[in-house]
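S.K.: just coords:
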């Protein structure tokens, strides 16, 4: 039997990921989300919601109305069936304020139980804890107040240094706000001020960001992105100043529901509650003293998953974990990204940790475009960086990641839109150097480990030197030389080889 030359054992395939489902019975919507992938940052495999409005009638009757119960029953039956068909490993069903407070909440729990769903009735404090964990899962450095606006309640949570500290729940869900505001101008302001003062939360957010969780508040951000022509259609870590929230309140009143339903990516089911959600947000920012809002795409459901992880696993960088998982799934040689980062690191030893982690993520993703048409690999890298399902990264970080991948995959030194709108020129120029260095490492190594381990690259005052042992000097071919000279020229150095 003929033995293949140069054949080496491939890295073992990643173990099959656990598939987990969460059914979230909220006061406004009921949602099924199925997650799959790395434990630190599972990918959303399936996501569907039904706007059942369980909390709609609570203020008037104290019960969930029959129409909402019927919608909920239909949704839960479908979701339970789908979860079984998807062969999920675990399914967790949780219910929040409406079911907790409704006189007939037990009726809905019994309906779910008959469908094979074991409902966990979350307390207000448990909701708050999960919301805080959700924000920390996607924004590990978060330092401020988390606000989770549901249909029946509002949870406020203090997050700092990777932990959840104080938390509180208020009966200020978006489905309750209309009744409060209907009592007269200024009533909502007085109500919120009194509740915060009584709970000891007045001015607790002084000078800190306010992290937005909940569909109604995300809808406000979507509207602002549309109105301002924001160039990146990614809502996670989108920021709005306090004055922007005030402006949005006026804009919503002027636009009307018909025009808002025409806004791209704005859930039509949220339009009816946006005016109330904006009014509450404006009042909260004023009485908490928050300087700005930051949207979190992660909330209660992601927080429930995060809370099940070990302390060690929670400390993993979600961007690096997700990029490494992406490389294992779609790259040719899964171990290559970490080695590539180590190989180019000496050129960027002065970089702060914030930039170093972005460079590391770029190296991990350096090989994910190889399946694309060769004419469009650079565009593929751009798309992955800008629109990938990453967290732990803001718009500026996405732009730098995009520039590095675009350059490394053969796009050259131009900066395609919207990179120039999302980051400063000095940072973009730095990312181009990452891309050129990655491109050199990829060509030298052929995307495998050995050549990177048997060579090194250093820069002195005048030269960019590639070092090889004599027995491996043949690695330095014509294509490698071209990329070596391109990187050296960009650094203002002369290419040199030391054998």
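M.R.: Cool, the structure landed. It should be emphasised that the depicted structure is a prediction, and the values quoted were computed from it without experimental measurement. Numbering: from 1, shown residues only.
S.K.: Mind giving me the packing neighbours of the least confident helix or strand in the chain by mean pLDDT?
M.R.: Within the chain, no helix or strand scores below helix 58-61, which has a mean of 88 by mean pLDDT, DSSP states H and E. Packing contacts for helix 58-61, counted by 3 or more CB pairs under 8 Å, 6 or more residues apart in numbering; DSSP states H and E, involve helix 174-181. Where C-beta positions appear, they are placed from N, C-alpha and C, glycine not excepted.
S.K.: Show me how far the helix it packs on is from its chain's centre.
M.R.: Shown here is helix 174-181, whose average C-alpha point lies 30 Å from the average C-alpha point of the whole chain (CA atoms, centre = their mean, to the nearest Å).
S.K.: Which SSE is immediately downstream of that helix?
M.R.: Scanning the chain past helix 174-181 towards its C-terminal end, the next helix or strand to appear is helix 187-199 (assignment: DSSP states H and E).
S.K.: what's the distance between stretch 492-499 and the middle of its chain?
M.R.: When distances are taken as CA atoms, centre = their mean, stretch 492-499 is centred 41 Å away from the chain's centroid.
S.K.: Could you list the buried residues of it?
M.R.: Judged by neighbour count using 16 or more other CB atoms under 10 Å, the buried positions of stretch 492-499 are 493, 495, 497.
S.K.: returning to what we had before: what lies in contact with whatever helix or strand comes next after the least confident helix or strand of the chain?
M.R.: Later in the chain than helix 58-61, the nearest helix or strand by DSSP H and E is helix 66-85. Counting by CB atoms under 8 Å, 6 or more residues apart in numbering, the neighbours of helix 66-85 from elsewhere in the structure are 21, 23, 25, 30, 32, 34, 46, 48, 50, 52-54, 56-57, 64, 91, 104, 107-108, 111-112, 115-117.
S.K.: same thing but 7 Å
M.R.: Residues lying outside helix 66-85 but in contact with it, judged by CB atoms under 7 Å, 6 or more residues apart in numbering, are 21, 23, 30, 32, 34, 50, 52-54, 56, 91, 108, 111-112, 115-117.
S.K.: residue contacts, the residue lying closest to residue 160 once chain neighbours are set aside?
M.R.: Here the nearest residue to residue 160 in space, its sequence neighbours aside, is residue 143; by CB to CB, 6 or more residues apart in numbering that works out to 5.0 Å. Contacts for residue 143 (CB under 7 Å, 6+ apart) come out as 159-160, 208.
S.K.: Specify the local secondary structure of the residue nearest to the spatial centre of the chain.
M.R.: The C-alpha lying nearest the average C-alpha coordinate of the chain belongs to residue 391 (CA atoms, centre = their mean; 3.2 Å). In three-state terms, and counting by DSSP: H, G, I helix; E, B strand; the rest coil, residue 391 is coil.
S.K.: ok, back up a step: would you list the buried entries among the contacts of helix 66-85?
M.R.: Applying 16+ other CB under 10 Å to the contacts of helix 66-85, the neighbour count classes 21, 23, 30, 32, 34, 50, 52-54, 56, 91, 108, 111-112, 115, 117 as buried.
S.K.: SS state for the closest residue to residue 364 other than its chain neighbours?
M.R.: Using CB to CB, 6+ apart and skipping the chain neighbours, the partner closest in space to residue 364 is residue 337 (3.5 Å). Classification of residue 337 into helix, strand or coil gives helix, according to three-state DSSP.
S.K.: Find me the pLDDT at residue 337, would you?
M.R.: Taken from the predicted model, the pLDDT recorded for residue 337 is 93.
S.K.: wait, doesn't it sit right on residue 327?
M.R.: Yes. In this structure, residue 337 sits in contact with residue 327. The criterion is CB atoms under 7 Å, and the distance is 5.0 Å.
S.K.: hey, what's in contact with both of the two?
M.R.: A shared contact of residue 337 and residue 327, defined by CB under 7 Å, 6+ apart, is any residue touching both; here these are residue 364.
S.K.: Could you dump the buried residues of stretch 492-499 into CSV and include pLDDT?
M.R.: Shown next, in CSV, are those (pLDDT from 0 to 100):
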residue, pLDDT
493, 97
495, 97
497, 95
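S.K.: quick one on the thing from earlier: higher neighbour count, residue 337 and residue 327?
M.R.: The residue with more neighbours, out of residue 337 and residue 327, is residue 337; 26 against 23, by other CB atoms under 10 Å.
S.K.: Report the beta-bridge partners for the closest residue to residue 37 other than its chain neighbours.
M.R.: With CB to CB, 6+ apart as the criterion, residue 37 has its nearest non-adjacent residue at 4.1 Å, and that residue is residue 43. The bridge-partner assignment for residue 43, based on DSSP bridges, gives residue 36.
S.K.: what about stretch 196-214, start to end distance?
M.R.: Stretch 196-214 stretches 20 Å from its first residue to its last (CA to CA, to the nearest Å).
S.K.: what does stretch 230-247 give?
M.R.: With CA to CA, one end of stretch 230-247 sits 16 Å from the other.
S.K.: tell me the mean pLDDT over that stretch?
M.R.: If you average the pLDDT over stretch 230-247, you get 96.
S.K.: Distance check, the residue nearest to residue 364 against residue 366.
M.R.: Distance of residue 337 to residue 366, given as CB to CB, to the nearest Å: 6 Å.
S.K.: Can you tell me the element residue 49 falls in?
M.R.: Using DSSP H and E, residue 49 sits in strand 43-50.
S.K.: Next, the buried residues of that strand.
M.R.: Taking 16+ other CB under 10 Å as the basis for neighbour counts, the residues of strand 43-50 that come out buried are 45-46, 49-50.
S.K.: Could you pick out which of the buried residues of stretch 492-499 are located in strands?
M.R.: 495, 497 (DSSP state E).
S.K.: still on that earlier bit, list the contacts of the spatially closest residue to the residue nearest to the centre of the chain that is not a sequence neighbour.
M.R.: Nearest-residue entry for residue 391: residue 138, 3.8 Å, with adjacent residues in sequence omitted and distances by CB to CB, 6+ apart. Taking CB under 7 Å, 6+ apart as the definition of contact, the neighbours of residue 138 are 236, 296-298, 302, 318, 391-392.
S.K.: For the buried residues of strand 43-50, work out which two are farthest apart.
M.R.: Every pair in the buried residues of strand 43-50 was compared (CB to CB); the two farthest apart turn out to be 45 and 50, at 18.3 Å.
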